[in-house]
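K.L.:
what's the 3D shape of this:
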Amino acid sequence: MRAAFTLVELLVVMAVIGTLIGITLPAVQRVREASRRTQCQSNLKSMGIALTAFEASKRSFPPGDDAFTMRYHAWSSYILPFLDEDTVGRRIDYQKSWNAPGGNDAISDTSLPVYVCPTGIVSFAGKQDYGGVLGSAIPSSATGKLHPDWEHSGILYATDSKHRQPAKAAMVVDGLSKTIVVSEGVDRGVAGTDTESQIGNSRWSCGTNCFLHNSRVVNTPDVDGFRSNHLGGVNALFADGRVLFLVDDVAPDVVLAMCTKDGREVVAAEGS
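P.N.:
Numbering: from 1, shown residues only. Alright, predicted model coming up:
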């Protein structure tokens, strides 16, 4: 009876094992990414349900950033009761700034799984991987012009002295099913940096986690917004609750049309 493998046999076995790993590992990675992408879509669908319920209850969408009051609470803070996160929501003092010492500052460090994409790499307390869409800062290729009220051309815009009230459903003349309300903006912000009101901090409780569509290419590096670690595109939530995967090479004017609530663009939707 043979006591052991020969060197040649061991080399053959190792080669076979290496080949099998080379074949199966990419498949395993694809399955894992598919699961992460599905979870990300589920997060956005939950936000869609919450935003729809908020609008039905309040007769308007929440402000993207409650800047007019100078308290800077976020859309993602206002919808907490409709996300089964009322326990967190009841602890927030909306009469004070989003990070007021002695209460709101501690709550802003609460991590909420629904606001964290599973493909994210950066991790810090209160992280928000999804941003409300303020509108579009990209001019139309057909006219070469920006939307006349481009900073407030989306649904979740920041309130100010001219736009004191948040958007109502009736203002979305392009159609709820054709207008993006929230998009992935993964890994914006770094733990330990200034947490006052900069977009890059990306905390769910801070109104400045909103962003403009400001790049003609989806998934542009170092751009705040419309960015993910999913292969080939980003997940986006439409105002009717539908989630669409926007592929990286989606036409710029299509994204522009999707980001404005009243641009009246005639552009067919693209995605997957």
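K.L.:
now the strands for the chain?
P.N.:
130-136, 180-184, 211-213, 233-238, 243-247 (DSSP state E).
K.L.:
and these, which one's lowest on average pLDDT?
P.N.:
Set side by side, the strands of the chain differ in mean pLDDT, and strand 211-213 is lowest with a mean of 90.
K.L.:
how close does residue 167 sit to residue 105?
P.N.:
Distance of residue 167 to residue 105, computed by CB to CB, to the nearest Å: 29 Å. Where C-beta positions appear, they are placed from N, C-alpha and C, glycine not excepted.
K.L.:
higher neighbour count, those two?
P.N.:
For residue 167 and residue 105, the more surrounded residue by other CB atoms under 10 Å is residue 167, and the numbers stand at 25 against 16.
K.L.:
look up how far residue 246 lies from the closest residue to residue 36 other than its chain neighbours.
P.N.:
Closest residue in space to residue 36, ignoring its immediate chain neighbours: residue 118 at 4.2 Å, by CB to CB, 6 or more residues apart in numbering. Distance of residue 118 to residue 246, given as CB to CB: 18 Å.
K.L.:
settle it for me: which of these two has more neighbours?
P.N.:
residue 246 (25 against 19).
K.L.:
so what's the more buried one bridging to?
P.N.:
Counting by DSSP bridges, residue 246 forms beta bridges with residue 234.
K.L.:
shaky segments in this protein?
P.N.:
1-5, 8-9, 20-21, 23-31, 189-201, 266-272 (pLDDT under 70).
K.L.:
what angle separates the lengthiest helix in the chain from strand 233-238?
P.N.:
Secondary structure of the chain per DSSP state H: the longest helix is helix 7-58. Relative orientation of helix 7-58 versus strand 233-238 (axes from the mean of the first three to the mean of the last three CA atoms, to 10 degrees): 20 degrees.
K.L.:
heads up, I number from 779, so please use that
P.N.:
With the count now opening at 779, the last piece we talked about shows up as helix 785-836.
K.L.:
figure out how far helix 785-836 is from the centre of its chain.
P.N.:
Relative to its parent chain, helix 785-836 has a centroid offset of 19 Å by CA atoms, centre = their mean, to the nearest Å.
K.L.:
now the helices for the stretch 829-978 of the chain?
P.N.:
For the stretch 829-978 of the chain, the helices defined by DSSP state H, counting those that start in this stretch occupy 853-856, 864-867, 882-885.
K.L.:
most packed of the ones you listed?
P.N.:
Among those, helix 853-856 has the highest mean neighbour count (mean count of other CB atoms under 10 Å), at a mean of 27.
K.L.:
convert the C-alpha atoms of it to CSV, please.
P.N.:
Taking Å, rounded to 0.1, in the frame of the first residue of the first chain, the C-alpha atoms of helix 853-856 are listed here in CSV:
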residue,chain,number,x,y,z
TRP,A,853,-34.8,65.0,5.5
SER,A,854,-33.4,61.7,6.9
SER,A,855,-34.1,63.0,10.4
TYR,A,856,-37.7,64.1,9.8
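K.L.:
so what touches it?
P.N.:
Applying CB atoms under 8 Å, 6 or more residues apart in numbering, the contact partners of helix 853-856 are 825, 829, 832, 839-843, 867, 870, 876, 893, 906, 908, 910, 934, 982-983, 985, 987-988.
K.L.:
got it, and stretch 940-948?
P.N.:
Against stretch 940-948 from outside (CB under 8 Å, 6+ apart): 833, 837-842, 846, 930, 933-935, 937, 954, 1017, 1039.
K.L.:
identify the farthest-apart pair in those residues.
P.N.:
846 and 954 (24.2 Å; CB to CB).
K.L.:
hang on, isn't residue 1030 packed against residue 916?
P.N.:
Yes. With contact defined as CB atoms under 8 Å, residue 1030 reaches residue 916; the gap is 6.5 Å.
K.L.:
what is in contact with these two at once?
P.N.:
Counting by CB under 8 Å, 6+ apart, the contacts common to residue 1030 and residue 916 are residue 994.
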